[in-house]
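> Quick check, what structure comes out for this input:
(2 chains, ligands or ions: 2)
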Amino acid sequence: MLRLSGLAKTFPGGTIAVTGVDLEVRGSEFLTLLGPSGCGKSTILRLIAGLAAPSEGEIIWSDGVRPKIGFVFQEPTLMPWANVFANVYLPLRLAGLSRREAAPRIGAMLSRVGLGGFENAYPRELSGGMRMRVSLARALVADPPLLLLDEPFAALDEITRFALNDDLLVLQRELKTTIVFVTHSVFESVYLSQRVAIMSPRPGRIVGEIAIYSLEPRSADFRVSAPFADQAKQVSAALRDAMAVGYVP
Amino acid sequence: MTSQLSRSNAREWLLDLLLPASVFLGSLLLWEAIVRVFAIPPYVLPAPSLILTTLIADWPLLFASLLVTLRITFEALALAVAGGVGLAILLAQSRAVERAFLPFAIILQVTPIIAIAPLLLIYLESSTAVLVCAFLVAFFPILSNTALGLASTDHNLVDLFDLYRASRWRRLVLLRLPSALPYFLGGLRIGGGLALIGAIVAELAAGAAGQGTGLAFRITEAGYRLNIPRIFAALALISFTGLLIYGALALISRLVLRHWHDSARSRQM
Ligand SMILES: Nc1ncnc2c1ncn2[C@@H]1O[C@H](COP(=O)(O)OP(=O)(O)OP(=O)(O)O)[C@@H](O)[C@H]1O
Ligand SMILES: [Mg+2]
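Residues are numbered from 1 along each chain as shown, chains lettered A, B, ... in the order given. Ligands and ions are numbered 1, 2, ... in the order given. Here you go, the predicted model:
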């Protein structure tokens, strides 16, 4: 789908956020970026989305151009003055679709994320988990081949987070969307991904990649299985090594 | 549980209304009693009852003046909204524009308008001068609040609009203006009160020179004639009008924001 090649980002203040990032993202895979706070995970997502320009290196797209992209932020980032329908309508509206053309797709997407019938609710009437579902629906409604998620569930309680993890997996298998997911939870990364890319502390770089194996479809059983525990241990160890990299001057 | 909650809410509400109302009534009664007990003459301090009868007796005159003042207030407010929002949008278009114009806005804002009024009265016809004064004082809170609102758009939402390559126009209409709405409404509430004050102050300044017929002019006129009860009656009318304007604008902002903004939330446990 895309390849990051020697990517670096230095901010105007002189902060080197990431440097020498080489990473391939394959079509329809679920890839997680795992790393400590401040290591440049968000920066990489923003570079991929084209919201920031790299200082060095390049992003090579397999189709030659950046495709449509969905983005989910750490906060639901909904427009508080607009109801659920209008929030999910936004990407389609900006793409020039009329309300009438968009309505069936919005309805279908809302049912998919478990919010059928909530079209007229306003964000502040929803729970944190439901708001995140709206955000997910908005990111997916225009059918983007690539979905970027920046610690989307970090602010949610564990029960809600597990439910959303499962729903995200189901959605991804159905829609075949390529996902780059950012988290600093080892368990979340193992549960969700086919591949985990581990980052060192700032200036961030990719220091290791670990493939995750599991029977499909993944479910709550996987979370309590021995393979899950083993792979979580392996990822934890890799993350510990990555942290140590940061201490070398 | 819910009925208990709503009952306690109702009690809160009653207290909010009843407590100030009874204090107000109490002080009026005290006032009345003091005037009667000490036999204070009405040209020194009229009793509330006398103010009320004056208000009724002079109603045609005072009401006509009230309409004049109200018209100036609302015209000024309308102009201030158009000008303030328009200029705020213009300033939000580029940093350079903002840098060039904001200092002037601030200089005008920190200059007490009463000091400009005599000058305006020389240059302009007195009714226009009064309108300009009221406009100037109402203009700045609306401008600065709206400008602040336009600048404080959630940056993640800005990123989202970037991601979907939204045009400048779409961005303004779908994102920045709605984001600025609560700030604008706050400015409107302040501006509404200030427009009335501006109109009254300018009328007072015009009073000596002009042939105004607004409420402030009635006050000046009654002052010359030592008609103290009428001054109080006009004052009461002005306060009441100010309250009404504030209440109406607060209600508007509550209705507009009821779905989404914290300031519009009813006090809940
Ligand atoms: N716009 C900016 N200007 C200057 N420095 C920035 C900017 N954005 C990020 N940084 C810095 O770049 C580094 C990486 O930031 P980034 O947000 O990508 O980290 P992160 O891995 O997403 O962290 P977290 O897990 O806390 O979200 C941080 O040290 C941050 O302070
Ligand atoms: Mg981040």
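> Secondary structure class of A:Leu23, three-state.
Classification of A:Leu23 using DSSP: H, G, I helix; E, B strand; the rest coil returns strand.
> ok, what's across the strand from the closest residue to it other than its chain neighbours?
Closest residue to A:Leu23 apart from its sequence neighbours, by C-beta to C-beta, 6 or more residues apart in numbering or on different chains: A:Leu4 at 4.5 Å. Backbone N, C-alpha and C define where each C-beta goes, glycine included. Beta-bridge pairing of A:Leu4 under DSSP bridges involves A:Leu23, A:Ile59.
> surely A:Leu4 meets A:Ile44?
Yes. When contacts are counted by C-beta atoms under 8 Å, A:Leu4 is listed as touching A:Ile44 (7.4 Å).
> got any residues that touch both of these two?
A:Val21, A:Leu23 (C-beta atoms under 8 Å, 6 or more residues apart in numbering or on different chains).
> what does chain A have sitting close to chain B?
A:46, A:49-51, A:69, A:71, A:73, A:75, A:77, A:79-83, A:90-91, A:93-95, A:122-124 (C-beta under 8 Å from any C-beta of the partner chain).
> For ChimeraX, what selects the buried ones among the residues you listed?
Of those, the buried ones can be selected in ChimeraX as follows, counting by 16 or more other C-beta atoms under 10 Å in any protein chain shown:
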select /A:46,49,51,69,71,73,75,77,79,80,81,82,83,90,91,93,94,122,123
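> for residue 62, what are its contacts?
No chain in the question, so chain A it is. A:Met1, A:Leu2, A:Arg3, A:Gly27.
> could you do chain B instead?
Per C-beta under 8 Å, 6+ apart, neighbours of B:Leu62: B:Leu55, B:Leu215, B:Arg218, B:Arg230, B:Ala233, B:Ala234, B:Leu237.
> Can you tell me how far the fifth one is from chain A?
In other words, B:Ala233. 44 Å (C-beta to the nearest C-beta, to the nearest Å).
> ok, that residue - contacts?
B:Ile51, B:Thr54, B:Leu55, B:Asp58, B:Leu62.
> From B:Phe217, how far off is the last one?
In other words, B:Leu62. According to C-beta to C-beta, to the nearest Å, B:Leu62 and B:Phe217 sit 11 Å apart.
> Spell out the secondary structure type for A:Ala17.
When classified by three-state DSSP, A:Ala17 comes out as strand.
> wait, it sits on A:Pro203?
Yes. Between A:Ala17 and A:Pro203 there is a contact under C-beta under 8 Å: 6.6 Å.
> Tell me which of those two has more neighbours.
A:Ala17 (23 against 18; other C-beta atoms under 10 Å in any protein chain shown).
> per-residue confidence for that one?
In this model, A:Ala17 is scored at 93, pLDDT.
> Show me where the chain dips below the pLDDT cut-off.
You didn't say which chain, so I picked chain A. A:246-249 (pLDDT under 70).
> actually chain B
Using pLDDT under 70, chain B drops low at B:1-8, B:208-212, B:261-269.
> where does it come near ligand 1, residue by residue?
By the rule C-beta under 6 Å from any ligand atom, no part of chain B lies against ligand 1.
> and the residue most central in space within chain A, what element?
With distances taken as C-alpha atoms, centre = their mean, A:Leu149 lies nearest the centre of chain A, 2.0 Å away. Of the helices and strands defined by DSSP states H and E, A:Leu149 is found in strand A:146-150.
> Apart from its chain neighbours, what residue comes closest to A:Met129?
Rather than Met, residue A:129 is Gly. Nearest to A:Gly129 is A:Thr160, by C-beta to C-beta, 6+ apart, at 3.8 Å.
> The one you found is in contact with A:Arg131, isn't it?
No. Counting by C-beta under 8 Å, A:Thr160 does not reach A:Arg131; the two are 10.7 Å apart.
> Counting neighbours, go ahead and name the busier of these two.
A side-by-side neighbour count of A:Thr160 and A:Arg131, using other C-beta under 10 Å, places A:Arg131 first with 22 against 17.
> Can you get me a residue count around residue 97?
Defaulting to chain A. 17.
> my question was about chain B
Residue neighbour count, defined by other C-beta under 10 Å, stands at 13 for B:Val97.
> what secondary structure does A:Gly208 sit in?
strand.
> again but with A:Leu115, I slipped
The three-state label given to A:Leu115 by three-state DSSP is coil.
> Who are the contact partners of it?
Counting by C-beta under 8 Å, 6+ apart, A:Leu115 touches A:Val84, A:Met130, A:Arg133, A:Val134, A:Ala137.
> correct me, but the last one touches A:Met109?
Yes. Contact criterion C-beta under 8 Å: A:Ala137 and A:Met109 qualify, at 4.7 Å.
> shared neighbours, these two?
Counting by C-beta under 8 Å, 6+ apart, the common neighbours of A:Ala137 and A:Met109 are A:Val88.
> From the contact counts, what lies against the one helix or strand B:Gly26 maps to?
Per DSSP H and E, B:Gly26 falls inside helix B:2-37. Where contact means 3 or more C-beta pairs under 8 Å, 6 or more residues apart in numbering or on different chains; DSSP states H and E, helix B:2-37 is packed against helix B:48-57.
> From B:Ser167, how far off is the closest residue to ligand 1 within the stretch 1-150 of chain B?
Closest to ligand 1 within the stretch 1-150 of chain B is B:Arg95: 17.1 Å, counting by C-beta to the nearest ligand atom. Here the criterion is C-beta to C-beta. By it, B:Arg95 lies 20 Å from B:Ser167.
> and chain A, which residues reach ligand 1?
A:11, A:13, A:15, A:17, A:35, A:37-43, A:184, A:202.
> nearest to B:Leu172, of the residues you listed?
A:Ser42 (26.8 Å; C-beta to C-beta).
> Burial check on that closest one, number of neighbours?
Using other C-beta under 10 Å, A:Ser42 has 20 other residues around it.
> Next: B:Phe74.
16.
> that older thread, mutual contacts of A:Ala17 and A:Pro203, please.
In terms of C-beta under 8 Å, 6+ apart, A:Ala17 and A:Pro203 are both contacted by the residues A:Gly40.
> In contact with B:Thr192, which residues are there?
Quick fix: residue B:192 is Gly, not Thr. B:Gly192 neighbours (C-beta under 8 Å, 6+ apart): B:Thr73, B:Leu77, B:Ala138, B:Ile245, B:Tyr246, B:Ala248, B:Leu249.
> buried stuff in the helix or strand where the last one lies?
This points to B:Leu249. Applying DSSP H and E as the criterion places B:Leu249 in helix B:228-257. By neighbour count with 16+ other C-beta under 10 Å, helix B:228-257 contains the buried residues B:228-234, B:236-238, B:241-242, B:245, B:249, B:253, B:256-257.
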